[in-house]
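[1] only geometry, no sequence info:
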């Protein structure tokens, strides 16, 4: 620790930190524009000037390291005058368009001008204009407002791994841009909107929608992937206008993916709002809930006919539990099946609780193994963490599987699953890296679950080989962990063939689903937020609420249980999935509530796993078998399970903004 003086008060601070960080550590705020905690130090805005004893002029606090017995002054007349001059310089070419700027009310330049600026300007010449840049359908640019803090430049090169922007020209002609006109091709490009301290980079879908003081805010989690990033949901009246990242050091820090930020237009576009019944003579006609429940009760109450519930693995834990109890209560007439082919590999295996936390990626690991994973598409936040580690440290990354478009140095070893297992069994030259490396990092891709059953056993096997191994299993959807825990099996053709009624709960309309349901010509009850080609052939179309219109518990890739909060009210006839299922089977509702209390105890306190696993009577209440399945290896090649990042789930496929991003992504691809 070092002893320093700040404004004549003594403090003890850490070694090897800057003066700005030392002032922040003791609670003294220093204005800044170019400095950001997650980026390298640039020191070019000069707003953080402070006075140091025995120095002839003010110095930038973000670039100056602290030293013992240093005396710092942050509010002296010299510092105040220097900051006033800096603000005046930044405003030389800045347009006076605050009333029409989307950054108004959240602009750092506004705040610093109010605090440190002068009430007059000595500049009376013409302002310089800068041409706007095309960053794609997500980022709106008005580069005349730019103050050249270079946050966007450093974010692109250091975090996103895309050298999209740079500093052009010199002196008064300096501007931010690129020599080649192209889009900002990154899965986390929208974070530059939060980094920009002025209105030069703003959200294009949010343009001219609202002012920040008109918005209400709620906390939630991102359900577009299995990371479970924390977010703020900003809404006005009955519409969500934007999503911002919530800082969480254990999961996403202060980043979110573009898919999580911009898919919200699908919450109001093409939504199902009314109940419909299909008749052979009149086609679809609107009905009320009472009529629907009476008719559906006649179908589901017949125990001689089988009803199959087809679900996605992004369904909440409560709905999964209720469906599991229904299948236990009516074992011969009700079956719950997942449309994910990876679900068959879980076969009632427990949540492992042997995988590591996302924050463990920052540990002193020197080698990373990506197994059947394109981490850039499957987990963009994890990809950013791994890239930062490769930039800052001596970190080698090996990829077992087909080559992918990575934004960091990658050594690709194209192996099938048999050869990957030989690596773990010490039968190849690569086995030495697995065994001898200190704390190796393993990233399991979603498609690995389609190649080998019993991934839970593989995790334990790697832990036995190297107990210090860091294992992160990227799941298929936002709640695959719950499907694994409850033993939800994958759908097969024989199950659908024997079913009289198929209840499609929040399904993504894929080619597989469309083919199976259309060929079988069964009575389909489509419970979803949006319509589709499959829904056009359903017997009943039932509107349900989105994630923002209901509460739910979701288990992310590190088996962390997180709860979403209700932000909006449901649209017209739409109801939450839990409420719809409770109405269809009211006699199972009471048992579900008791089972959920038990499940909350498990998922929120994983250390109770050993004691809980011995209480089979309580586990049988939900129908969980704690036995691990035997392994089965498939010889299909290891490749990424996601081809289009922007359209990977039901809501993003119905987003106009995500469709535009997908089209721009196709234009950047080379066919040679």
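    The structure has been received and is ready for your questions. Just so we're clear, the structure is a prediction, and the values are computed from it rather than from any experiment.
[2] do you know how far residue 537 is from residue 525?
    According to CB to CB, to the nearest Å, residue 537 and residue 525 sit 12 Å apart. C-betas here are computed from N, CA, C, even on glycine.
[3] how about low-confidence regions in the stretch 201-350 of the chain?
    341-350 (pLDDT under 70).
[4] mind listing the helices for it?
    For the stretch 201-350 of the chain, the helices defined by DSSP state H, counting those that start in this stretch occupy 258-262, 289-300, 317-329.
[5] Give me the contact list for the first one.
    Going back to what we said before, that points to helix 258-262. Under the criterion CB atoms under 8 Å, 6 or more residues apart in numbering, residues 138, 186-190, 203, 205, 222, 224-225, 229, 231, 242-244, 380, 645-646, 648, 652, 655, 657-658, 661 lie in contact with helix 258-262.
[6] Please identify the most buried of the helices of the stretch 201-350 of the chain.
    Highest mean neighbour count among the helices of the stretch 201-350 of the chain (mean count of other CB atoms under 10 Å): helix 258-262, with a mean of 26.
[7] what's the distance between it and the middle of its chain?
    Chain-centre distance of helix 258-262: 8 Å, with CA atoms, centre = their mean, to the nearest Å.
[8] State the number of residues packed around residue 27.
    Counted with other CB atoms under 10 Å, the neighbours of residue 27 add up to 8.
[9] got the phi/psi numbers for it?
    Residue 27 adopts backbone torsions of phi 90, psi 20, taken as degrees, to the nearest 10.
[10] returning to what we had before: mind checking which of residue 537 and residue 525 has more residues around it?
    Per other CB under 10 Å, whichever of residue 537 and residue 525 has more neighbours is residue 525, with 22 against 15.
[11] what sits opposite the more buried one in the beta ladder?
    residue 503, residue 540 (DSSP bridges).
[12] Residue 335 now?
    Residue 335 has these beta-bridge partners by DSSP bridges: residue 308.
[13] hang on, isn't it packed against residue 328?
    No - counting by CB atoms under 8 Å, residue 335 does not reach residue 328; the two are 10.9 Å apart.
[14] excluding its backbone neighbours, what's nearest residue 181?
    Leaving aside its chain neighbours, residue 181 sits nearest to residue 134 (6.1 Å; criterion: CB to CB, 6 or more residues apart in numbering).
[15] coming back round to it: take the helices of the stretch 201-350 of the chain and lay them out in JSON lines including distance to residue 439.
    Rendered in JSON lines, the data for these read as follows (distance: least, CB to CB, whole Å):
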{"stretch": "helix 258-262", "distance to residue 439": "30"}
{"stretch": "helix 289-300", "distance to residue 439": "52"}
{"stretch": "helix 317-329", "distance to residue 439": "32"}
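[16] nearest to residue 459, of these?
    Each of the helices of the stretch 201-350 of the chain has some distance to residue 459 by CB to CB; the shortest is helix 317-329, at 21.4 Å.
[17] name the helices or strands packed onto the closest one?
    Other elements packing on helix 317-329 under the criterion 3 or more CB pairs under 8 Å, 6 or more residues apart in numbering; DSSP states H and E are strand 307-311, strand 334-338, helix 480-486, strand 552-555, helix 577-584, helix 589-604.
[18] Can I get those in TSV including mean neighbour count and distance to residue 33?
    Formatted as TSV, the helices and strands packed on helix 317-329 follow (neighbours: other CB atoms under 10 Å; distance: least, CB to CB, whole Å):
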stretch	mean neighbour count	distance to residue 33
strand 307-311	24	49
strand 334-338	23	49
helix 480-486	27	42
strand 552-555	24	38
helix 577-584	20	46
helix 589-604	15	42
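[19] out of these, nearest to residue 518?
    The nearest among the helices and strands packed on helix 317-329, by CB to CB, is strand 307-311 at 13.7 Å.
[20] What helices and strands are in contact with that closest one?
    In this structure, strand 307-311 packs against helix 317-329, strand 334-338, strand 501-505, with contacts taken as 3+ CB pairs under 8 Å, 6+ apart.
[21] picking that back up, make a markdown table from the helices and strands packed on helix 317-329 and add distance to residue 44 to it.
    Output for the helices and strands packed on helix 317-329, formatted as a markdown table (distance: least, CB to CB, whole Å):
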| stretch | distance to residue 44 |
| --- | --- |
| strand 307-311 | 53 |
| strand 334-338 | 53 |
| helix 480-486 | 45 |
| strand 552-555 | 42 |
| helix 577-584 | 52 |
| helix 589-604 | 47 |
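[22] Comparing the ones you listed by mean pLDDT, which bottoms out?
    When these are compared by mean pLDDT, helix 589-604 comes last with a mean of 66.
[23] where's residue 557 relative to residue 313, distance?
    Using CB to CB, residue 557 is found at 12 Å from residue 313.
[24] which residues do these two both contact?
    475, 480.
[25] So if I had to pick from the two, which one is more boxed in?
    The residue with more neighbours, out of residue 557 and residue 313, is residue 557; 26 against 22, by other CB under 10 Å.
[26] Quick check: that one vs residue 36, distance?
    Here the criterion is CB to CB. By it, residue 557 lies 27 Å from residue 36.
[27] Kindly report the same for residue 362.
    Using CB to CB, residue 362 is found at 18 Å from residue 36.
[28] Check residue 16 too.
    19 Å.
[29] Same check on residue 516?
    From residue 516 across to residue 36, the span is 50 Å (CB to CB).
[30] Give the buried residues for stretch 206-215.
    Neighbour counts using 16 or more other CB atoms under 10 Å place 206, 210, 215 of stretch 206-215 among the buried residues.
[31] Please apply the same query to stretch 511-518.
    Of the residues in stretch 511-518, 513, 516-517 count as buried by neighbour count, 16+ other CB under 10 Å.
[32] Alright, that wraps it up for me.
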